[in-house]
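1. only geometry, no sequence info:
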């Protein structure tokens, strides 16, 4: 399987055109069959190498993931084979730690991919819940972890009906062993394997290239093109490449007018037909999903005025303050430090350098807003309860999302440089997955 996965990754990292209208040397995007091979290879490797360690670390010897079709647990979507787009009927996955390996069974009428072998013969035992109880009894686990959690929606996927049915099916001694799988589920979702990290670089490169294309004369004609035109271009472009977005993109403008920055307005009620003009500072918030991994990127562009060949120094200087805030923040990542500790230290250091910071960084991976350590929210700069107290761990990924405010005398107003770049946190520290924006994109 490792050889197959390496070959698939090698194919992925080739460059070439996906569609006839794609720009030359656009990053290669795999056809669906090869995508499935990569997804399944990544999953098998992770179940074999990461899951046993996580179960041992969290002292959990059994994990039961239960979902019904169209009411999927967020975790089960990461365990299904690539050809399963949803759970089928009631899908029950049973994972049992045995020495250094995890036994993977499906309490279902059929195998769930090649990983989860079917362990239920309906003709012999008509009741699916009773068969699950039999399998649990045969394995006699000390703890039966299921996905319920007060604080992480990602780890709270078991439906009330299924949880009640599980309890009713189990004998009393096993019923009392049911426990929350939260630490295991979060660990599973947040941990990135080396193969996933290798592939992630290519995915972030694709996202960056799409932004460059969207912030170019091929798309934007100052005085004619609106922000909504660009938003829908991003949606169409992503679809044309055979990809999807995990949220609706946004494009906004800051310019020399009386309008002040408003976070709520920037998220929800932007003017729809805002015509892009020379001298505008543009901002995009954009993310794609590919090979079950997500990106989340915010970058800025400047529309040149007649005769200009670069952005005004005051805008580039403001942008560099945003980069400096990134540096202060990422330098404070430490294994075992909580998100709230890193947030407080970074804000203190930024303010000491006369930077007005707002930090709202989140994990990224199987989900855009993923499970793991929260490092601030735009409306919670004092810290975030519980998820902000979760410690940072190596081999995880984050969207380094923040903004730095700067007052511009030239515009008689405060602007925000709003940046977001995906990064890994490893023993080497924080590394941007596909570098980061250091200069404004220029639109002639």
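-> Nice, thanks for sending it over. Remember, it's a predicted structure, so these values are computed and weren't measured experimentally. Numbers count the residues shown, from 1 in each chain.

2. for residue 369, list the residues it contacts.
-> By Cβ atoms under 8 Å, 6 or more residues apart in numbering, the residues touching residue 369 are 362-363. C-betas here are computed from N, CA, C, even on glycine.

3. so it, which state does it fall into?
-> Classification of residue 369 using DSSP: H, G, I helix; E, B strand; the rest coil returns coil.

4. what about residue 70, neighbour count?
-> 7 (other Cβ atoms under 10 Å).

5. pull up the gap between it and residue 159, please.
-> Relative to residue 159, residue 70 is positioned 11 Å away (Cβ to Cβ, to the nearest Å).

6. quick check: residue 56 touching residue 97?
-> Yes - between residue 56 and residue 97 there is a contact at 6.9 Å, judged by Cβ atoms under 8 Å.

7. compare the two (neighbour count), which wins?
-> In this view residue 56 and residue 97 are compared by other Cβ under 10 Å, and residue 97 has more residues nearby, 20 against 12.

8. how much space between that one and residue 274?
-> 55 Å.

9. what does residue 169 give?
-> Residue 169 is 57 Å from residue 274, where distance means Cβ to Cβ.

10. next: residue 79.
-> The value you get for residue 79 to residue 274, if Cβ to Cβ is used, is 43 Å.

11. as a quick check, tell me the outermost residue of the protein.
-> residue 124 (42.6 Å; Cα atoms, centre = their mean).

12. buried residues in the helix or strand that contains residue 340?
-> For residue 340, the element it lies in under DSSP states H and E is helix 339-352. By 16 or more other Cβ atoms under 10 Å, the buried positions in helix 339-352 come out as 339-347, 349-350.

13. got it, and stretch 364-379?
-> Using 16+ other Cβ under 10 Å as the test for burial, stretch 364-379 gives 364-378.

14. so where do the helices sit in the chain?
-> Along the chain, counting by DSSP state H, helices occupy 2-12, 32-49, 51-57, 128-139, 160-169, 172-175, 182-190, 194-214, 227-240, 263-267, 313-330, 339-352.

15. identify the residues contacting residue 104.
-> For residue 104, the contact set (Cβ under 8 Å, 6+ apart) comprises 47, 93-95, 115-117.

16. against residue 97, how distant is it?
-> Look at residue 104 and residue 97: by Cβ to Cβ, they are 11 Å apart.

17. rewinding a little: between helix 313-330 and the helix holding residue 340, find me the angle.
-> Going by axes from the mean of the first three to the mean of the last three Cα atoms, to 10 degrees, helix 339-352 is angled at 140 degrees with respect to helix 313-330.

18. contacts for helix 339-352, please.
-> 324-325, 328-329, 332-334, 356-357, 359, 361, 373-376, 381, 383-384, 387-390, 392, 404.

19. now, which of those residues lie within strands?
-> 356-357, 359, 404 (DSSP state E).

20. mind picking the two most distant members of these?
-> Largest separation among the ones in strands among the contacts of helix 339-352 by Cβ to Cβ: 356 and 359, giving 11.3 Å.
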